[in-house]
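Peer 1: fold the following for me, if possible:
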Amino acid sequence: MSFPASINYQPAPGVEGDFADATWDRHSVIAGPGGLIVGSGGAVIGRFHWATAPNDPNGTPTSITNSGTGAPTGFLHRHQQGLITTFLAETGMTVPPGFPVALMKSGAYWMKNRGSAPTAINQKVFANNTDGGAATGNAGATIAGFTETKWYCHSVAAVGENFKFSSVPNG
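Peer 2: The predicted model follows:
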């Protein structure tokens, strides 16, 4: 661990992938036998993911990836599942290929604003088709390289800051 170089007066309100509320209205993606398993390249916690082939005996996709087209299958929340596999690294948010995970399809979570504009409450959350990151925008908007999801923004955040989002609109 590196020597501390700064002091924070206030703790961070949330870490990517953390729960953003205390309710129990959370649901995971239903997986069939043998799924969901992280595909090649790993899965980054706190991002959207797409379920892909191969399919299990019931016809359900078993592999997940950080990239895809269309609406993502779910969100990978922080559940003490990331591993530090990089030599001498201090932190890690990636689940290696072949590990089982649970994707969330509802609930409230923290995510980093990886868009090009600040977030606003009740904007829709858009998933980056390349890395599963998020941006926000008005419902029905077009953001190049992103797909609109069913999720809604619940807090304001500058680019690069964490924001709360949920599967239900605010208010």
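Peer 1: how much space separates the residue nearest in space to the middle of the chain from Gly140?
Peer 2: Within the chain, the residue whose C-alpha comes closest to the C-alpha centroid is Arg47; the distance, by C-alpha atoms, centre = their mean, is 2.2 Å. When distance is defined by C-beta to C-beta, to the nearest Å, Arg47 is 23 Å away from Gly140. C-beta: built from backbone N, CA, C; applies to glycine.
Peer 1: mean confidence score for stretch 22-36?
Peer 2: Here stretch 22-36 scores 86 as its mean pLDDT.
Peer 1: for it, measure first residue to last.
Peer 2: Length of stretch 22-36, first residue to last, C-alpha to C-alpha, to the nearest Å: 26 Å.
Peer 1: quick one: contacts of that stretch?
Peer 2: The contact list for stretch 22-36, computed with C-beta atoms under 8 Å, 6 or more residues apart in numbering, reads 19, 51, 56-64, 73-74, 100-108.
Peer 1: so which bits of that stretch are buried?
Peer 2: By 16 or more other C-beta atoms under 10 Å, the buried positions in stretch 22-36 come out as Ser28, Val29, Ala31, Gly35, Leu36.
Peer 1: do the same with stretch 59-68
Peer 2: In stretch 59-68, residues buried by neighbour count (16+ other C-beta under 10 Å) are Thr60, Pro61, Thr62, Ser63, Ile64, Thr65, Asn66, Ser67, Gly68.
Peer 1: may I have the strands that pair with the helix or strand Tyr152 falls within, each with its orientation?
Peer 2: Element membership of Tyr152 [criterion: DSSP states H and E] is strand 146-153. The strands that strand 146-153 pairs with in its sheet are strand 124-128 (antiparallel), strand 162-166 (antiparallel) (by DSSP bridges).
Peer 1: so which of these comes closest to Ser6?
Peer 2: strand 162-166 (17.8 Å; C-beta to C-beta).
Peer 1: that older thread, next, format the buried residues of stretch 59-68 as JSON lines and append pLDDT.
Peer 2: Formatted as JSON lines, the buried residues of stretch 59-68 follow (pLDDT from 0 to 100):
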{"residue": "Thr60", "pLDDT": "85"}
{"residue": "Pro61", "pLDDT": "87"}
{"residue": "Thr62", "pLDDT": "89"}
{"residue": "Ser63", "pLDDT": "93"}
{"residue": "Ile64", "pLDDT": "95"}
{"residue": "Thr65", "pLDDT": "94"}
{"residue": "Asn66", "pLDDT": "93"}
{"residue": "Ser67", "pLDDT": "94"}
{"residue": "Gly68", "pLDDT": "94"}
